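A.B. asks: need coordinates for the following:
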Amino acid sequence: MVQARNLARRGAAESGIDRSGAHRRLPDCFNENLSAIFLPVNIQLNNVSDTRKTIVVTLDKSEVDAEYQATVSEFSKFAQLPGFRPGKAPAALVLKRYGKDILGEFKQKVVAKAYRGALDEKKLEVLNLVNLEEGTIEPGLSAAVTVTVDVAPEFVLPEYVGLPTEIGGTEATDAEVDTVIEGLRGERADFKVAERPAQKSDYVKLSYEGNVDGKAIAELAPEKQIYGKVPQTWEEVEGTNEGVLPGLGKALAGVKTGDKKDITITFPADFAPVPALASKVATYAVEILEIRERVLPEFNEEFFKSQQVDNLDALKSSVRNNLKLRKDYENQTAQRRQVTEAIAAKVEFAVPQSLVDSETQGVLRQFIEENMRRGVPQDQFEKDKKELFAGAQKAATQHVKVQLILAKIAEAEKITVSERDIDNFIYREASRSGQKPEKLVKDLTKDRDQLRAIQQNIIFDKAVDFLVSKATVTTSQAKA
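C.D. replies: Residues are numbered from 1 along each chain as shown. Predicted structure coming up:
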């Protein structure tokens, strides 16, 4: 993984983790070395907020002309014109042939010079370039460039060693082991027709048709017929997990095949799948078509073989070990959450708005995608968009705040991105996506923004790992 090593060696500078610890989202031209020597410029700094600054940089006519001449000279060195060797063509011909390109390059250099000059003089730690107004930039005229940036907030790191965390016990109880094993048996259960009243854990085949205040639900929610009229479906009697209609399974105990009855269903106030049914009391005409009894498999050779064990003791041992691994993972996740929440509560500072805005869009997008998979209709998001945006913005603000703190901790503890970190990421991503590691390395080499984001996330993860390693731990007996 030689290429991966080269990616890692770009380190914090390439990842965008600077002294502020945040991502400098700046045009590439601003990161280039400028050939021209910085001349004195007029720089005016205005405070929009604690983290947002507006900088007005004025370059006089001589500075602008010097930059223009330097750009023309650079083009002249490599210009290839008929009848002239490279670098020997007259400047007038070079301007005639490459005038548009020269002007574009010249403007870019003036803007970059103004920007870098402002940062160097004002010692700003820029996190994000919010806006840039370059004004009129022409040879023979002075130029004024106005830049709006978000900068790193100033705050003192609170004490971050010894943060309190609480975890649960990792040893599985006999009851927990038995519950898992019963679940495994349930996955391989057989269902036989039962000529008796329905009992708990039976499955009932039924049809139903519902109405609210005398109006058919099929008309109230035509796009969600499953809540209005269904010719046949299966429902578990008093099952742990409810079916489509809330509370239907609890009303089926004691029914017999052929029964017809009305069942009252009260929909919860926050019934997202069909908002028109929220808080409504519906009456469903139900007909029982069939009852099947769930018959669990016996503890025999066939069942043990399906679980890749030899006997019941081996199965219990395997389940107990898996439960321990799951509890270990849950504890690790809980500790990571607890230390980030604890460190964020210890310090207050203004969070750069542009970073919050960007993060908010990501939170909203993830929330909408998850709820669409659950069947929430698109128009519901429109109705609730104000509340959704407020919630996403709050979460985004907290997330950005935590990242800024973690970046500062990473700087204090000299946490960096290593070759092994990049290798591990590439192998994990290759395994997840099915791509070859070599292709991922090639793609990352071309995409500097993605590389910065990956290295930045590695820094954050390692900083959280550090906090967890230094945290105090209390084991809650209640969770054991």
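A.B. asks: got the residue ranges for the helices in the stretch 1-150 of the chain?
C.D. replies: Counting by DSSP state H, counting those that start in this stretch, one finds helices in the stretch 1-150 of the chain at the ranges 2-9, 11-15, 61-78, 91-122.
A.B. asks: these: which one's closest to residue 278?
C.D. replies: Of all these, helix 11-15 sits nearest to residue 278, with 47.1 Å by C-beta to C-beta. Glycine gets a C-beta too; all of them are placed from N, C-alpha and C.
A.B. asks: for the helices of the stretch 1-150 of the chain, which one sits closest to residue 447?
C.D. replies: helix 2-9 (10.9 Å).
A.B. asks: can you give me the first-to-last residue distance of stretch 51-67?
C.D. replies: Terminal residues of stretch 51-67 are spaced 32 Å apart (C-alpha to C-alpha, to the nearest Å).
A.B. asks: do the same with stretch 302-310
C.D. replies: Stretch 302-310: ends 10 Å apart by C-alpha to C-alpha.
A.B. asks: buried ones in it?
C.D. replies: For stretch 302-310, burial by neighbour count (16 or more other C-beta atoms under 10 Å) applies to 303, 309.
A.B. asks: contacts for it, please.
C.D. replies: Here stretch 302-310 makes contact (C-beta atoms under 8 Å, 6 or more residues apart in numbering) with 184-185, 188, 297, 311-312, 314-315, 318.
A.B. asks: now the helices for the stretch 301-450 of the chain?
C.D. replies: Remark: helices assigned in the stretch 301-450 of the chain by DSSP H, counting those that start in this stretch are 301-306, 312-345, 353-373, 378-383, 385-412, 419-433, 437-446, 448-469.
A.B. asks: export the ones you listed as TSV, with columns for distance to residue 48.
C.D. replies: As requested, these are exported to TSV (distance: least, C-beta to C-beta, whole Å):
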stretch	distance to residue 48
helix 301-306	66
helix 312-345	25
helix 353-373	10
helix 378-383	32
helix 385-412	18
helix 419-433	37
helix 437-446	35
helix 448-469	25
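A.B. asks: between the ones you listed, which one is closest to residue 242.
C.D. replies: Among the helices of the stretch 301-450 of the chain, the nearest to residue 242 by C-beta to C-beta is helix 353-373 (18.4 Å).
A.B. asks: got the domain ranges for the protein?
C.D. replies: The chain is divided into the following domains under automatic domain parsing: 23-151, 190-295, 305-479.
A.B. asks: as JSON lines, those domains with mean pLDDT and distance to residue 168 would be great.
C.D. replies: Below are the domains of the chain laid out as JSON lines (pLDDT from 0 to 100; distance: least, C-beta to C-beta, whole Å):
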{"stretch": "domain 23-151", "mean pLDDT": "81", "distance to residue 168": "36"}
{"stretch": "domain 190-295", "mean pLDDT": "93", "distance to residue 168": "22"}
{"stretch": "domain 305-479", "mean pLDDT": "90", "distance to residue 168": "3"}
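A.B. asks: where's residue 231, which helix or strand?
C.D. replies: strand 229-236 (DSSP states H and E).
A.B. asks: CA atoms of that strand as PDB?
C.D. replies: Presented in PDB, the C-alpha positions along strand 229-236 are these (Å, rounded to 0.1, in the frame of the first residue of the first chain):
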ATOM      1  CA  LYS A 229     -59.500  -2.700   3.500                       C
ATOM      2  CA  VAL A 230     -57.500  -5.900   3.200                       C
ATOM      3  CA  PRO A 231     -59.000  -9.200   1.800                       C
ATOM      4  CA  GLN A 232     -56.500 -11.300   3.900                       C
ATOM      5  CA  THR A 233     -53.500 -10.900   6.100                       C
ATOM      6  CA  TRP A 234     -51.800 -12.600   9.100                       C
ATOM      7  CA  GLU A 235     -51.600 -11.200  12.600                       C
ATOM      8  CA  GLU A 236     -49.900 -12.600  15.700                       C
END
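A.B. asks: what sits up against it?
C.D. replies: Residues external to strand 229-236 that are found in contact with it (C-beta under 8 Å, 6+ apart): 201-210, 216-218, 243-244, 248-249, 252, 289.
A.B. asks: looking at these, which are in helices?
C.D. replies: 217-218 (DSSP state H).
A.B. asks: JSON lines for the helices of the stretch 1-150 of the chain, including mean neighbour count and distance to residue 337?
C.D. replies: Listed next are the helices of the stretch 1-150 of the chain as JSON lines, based on neighbours: other C-beta atoms under 10 Å; distance: least, C-beta to C-beta, whole Å:
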{"stretch": "helix 2-9", "mean neighbour count": "16", "distance to residue 337": "28"}
{"stretch": "helix 11-15", "mean neighbour count": "16", "distance to residue 337": "24"}
{"stretch": "helix 61-78", "mean neighbour count": "17", "distance to residue 337": "52"}
{"stretch": "helix 91-122", "mean neighbour count": "17", "distance to residue 337": "36"}
